[in-house]
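Student: What would the 3D arrangement of this be:
(2 chains)
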Number of protein chains: 2
Amino acid sequence: MARPVLVFDVNETLLDIRTLEPLFARWFDDAGAMRRWFAQMVLYSQSLTLAGRYLPFGSIASDVLGMLAAIEDRALPQGAASDLKAASTQLPAHGDVEEGLASLLEQGFRLVTLTNSDSDTQAEQLSNAGIARFFEAQFSVDSVEQFKPATATYRHVATSLQVDISRLAMIACHSWDLLGAAAAGMQPVFIRREGNSQPGFASAGVREVDRIGELAALDW
Amino acid sequence: MARPVLVFDVNETLLDIRTLEPLFARWFDDAGAMRRWFAQMVLYSQSLTLAGRYLPFGSIASDVLGMLAAIEDRALPQGAASDLKAASTQLPAHGDVEEGLASLLEQGFRLVTLTNSDSDTQAEQLSNAGIARFFEAQFSVDSVEQFKPATATYRHVATSLQVDISRLAMIACHSWDLLGAAAAGMQPVFIRREGNSQPGFASAGVREVDRIGELAALDW
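Tutor: Presented below is the predicted three-dimensional model:
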């Protein structure tokens, strides 16, 4: 079989969101608040899509930060939302990413991204992390204004690349992303990142790797 | 204007999920794990709907519990999932619920429920909490196999009751539920319960109350 085009999720899959923890430690006296914020942000992005609405991921990020502060009875300092936005565009790549992507390219894989971030934010994120050069295209949910795991978003990638969707592999550390990718007809691959795992109902037929470089060795 | 039919969310809006905390305190040495589990369960229910799949909420609850244990490197005791299921059907009503519902009925309101729980579980939950008698109908997402906030689920209530959807008010302590209700054409009312608040983008046009009994005094 021909090798698939590898479609990478960005936030947490390629970029390390743990660098946001010091902000949450300062605001909530608890670095673990970062995970509560991230989960609620994803939950609300999906809710908006189910309700037929769209807002950029960054807007949801700010408002959900405010919601979490209200729930936990914390007063955020002036500029907290801008600090979070700035930090979100400065996430470093995980340690295995640069070497792994370079090796995949050398071995002839085609590499693209698909993220919940809006296009401008993604361009900044990948450029600041020093990995933009590896991707022949960067896709965002803002093209269809439906957050992952909505089917239309995955289909948009296949249509844009003029590749049958079964020839695309989605690489993500979020099982909920792979649920949608698989439903749309893509090949799902889970990459293990700290703070993530798959619920039983979502794991059937999903292959797992620990590092980006291991993707080459899968039996495509 | 005629009074609306009041459509109540069940878990956390009517029933107090905080009674699950001792289980999570035992399993994770942290009562706060209950909120992490609940957020992930809701997130995954929405993911399944976006991916066009359906599983009963109780199945998602068990598998997400297992996922959380894997993420946090905890070994769950034998029977943990059954203990959670049993406890979920034994949730007590919040302190304002019984009196509030009785008063609404006396004042001539029609009361129904709409929950993510499957029909059998809901029947057990409302009966065990001693509040089943207040509702002329109990609706579950399992009729359309799409979790809230999917539009079809809210529409199903209107169709079944043969009431125009604009004559239904959705009462929930989850802003994500009200996003979908409003998008479907219902009147959204947020009831404040500990551990919940509304993100800014979701709060426009949503009225808020602190207790069930206050619903009667809204300007319908």
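
Student: The one helix or strand A:G180 maps to: how far from the chain's middle?
Tutor: Using DSSP states H and E, A:G180 sits in helix A:175-184. Relative to the centre of its chain, helix A:175-184 is centred 12 Å away, using C-alpha atoms, centre = their mean, to the nearest Å.

Student: Can you list the low-confidence ranges for chain A?
Tutor: A:1 (pLDDT under 70).

Student: is any part of the helix holding A:G180 close to chain B?
Tutor: Yes: using C-beta under 8 Å from any C-beta of the partner chain, helix A:175-184 comes into contact with chain B via A:S175, A:W176, A:L179, A:G180, A:A182, A:A183. Backbone N, C-alpha and C define where each C-beta goes, glycine included.

Student: I'd like to know which of those is nearest to B:A169.
Tutor: A:W176 (30.6 Å; C-beta to C-beta).

Student: I figured the closest one was touching A:V42, is that so?
Tutor: Yes: assessed by C-beta atoms under 8 Å, A:W176 is found in contact with A:V42 at 7.2 Å.

Student: so what's in contact with those two at the same time?
Tutor: B:L43 (C-beta atoms under 8 Å, 6 or more residues apart in numbering or on different chains).

Student: Specify the beta-bridge partners of the spatially closest residue to A:V10 that is not a sequence neighbour.
Tutor: Nearest residue to A:V10 in three dimensions, chain neighbours excluded: A:T115, at 3.9 Å (C-beta to C-beta, 6 or more residues apart in numbering or on different chains). On the basis of DSSP bridges, A:T115 is bridged to A:S140.

Student: Please report the distance of A:T115 from A:R133.
Tutor: The gap separating A:T115 from A:R133 is 17 Å, by C-beta to C-beta, to the nearest Å.

Student: Secondary structure class of A:A169, three-state.
Tutor: strand (DSSP: H, G, I helix; E, B strand; the rest coil).

Student: what's around it, how many residues?
Tutor: Neighbour count of A:A169, defined by other C-beta atoms under 10 Å in any protein chain shown: 21.

Student: so who does it touch?
Tutor: Taking C-beta under 8 Å, 6+ apart, one finds A:P4, A:V5, A:L6, A:V7, A:M186, A:Q187, A:P188, A:V189, A:L215, A:W220 in contact with A:A169.

Student: Could you single out the nearest of the residues you listed to B:L101?
Tutor: B:L101 has its nearest neighbour among these in A:P188, at 44.9 Å by C-beta to C-beta.

Student: how close does the closest residue in space to A:R192 that isn't next to it in sequence get to A:S45?
Tutor: Here the nearest residue to A:R192 in space, its sequence neighbours aside, is A:D210; by C-beta to C-beta, 6+ apart that works out to 5.3 Å. With the distance defined as C-beta to C-beta, A:D210 ends up 27 Å from A:S45.

Student: neighbour count winner among those two?
Tutor: More crowded of A:D210 and A:S45, by other C-beta under 10 Å: A:S45, with 25 against 10.

Student: The closest residue to the more buried one other than its chain neighbours and B:S47: what is the separation?
Tutor: In space, and not counting its chain neighbours, A:S45 is closest to A:F147: 4.1 Å by C-beta to C-beta, 6+ apart. Counting by C-beta to C-beta, the gap from A:F147 to B:S47 is 10 Å.

Student: between those two, what contacts are shared?
Tutor: Common contact partners of A:F147 and B:S47 (C-beta under 8 Å, 6+ apart): A:Q46.

Student: These two: who's more crowded?
Tutor: B:S47 (28 against 25).

Student: Pull the contacting residues for the more buried one.
Tutor: A:Q46, A:P149, A:W176, A:L179, A:G180.

Student: Most widely separated two among these?
Tutor: Maximum distance among the contacts of B:S47 (C-beta to C-beta): 11.0 Å, for A:Q46 and A:L179.

Student: hey, where'd the strands end up in chain A?
Tutor: Secondary structure of chain A, counting by DSSP state E: strands at A:5-8, A:111-115, A:137-140, A:168-172, A:187-191, A:207-209.

Student: Ok, which of these comes nearest B:A51?
Tutor: For the strands of chain A, the distance to B:A51 is smallest for strand A:187-191, at 10.8 Å, taking C-beta to C-beta.

Student: So what touches the closest one?
Tutor: By C-beta under 8 Å, 6+ apart, strand A:187-191 touches A:4, A:13, A:166, A:168-173, A:175, A:178-179, A:181-182, A:198, A:203, A:205-212, A:215, A:218.
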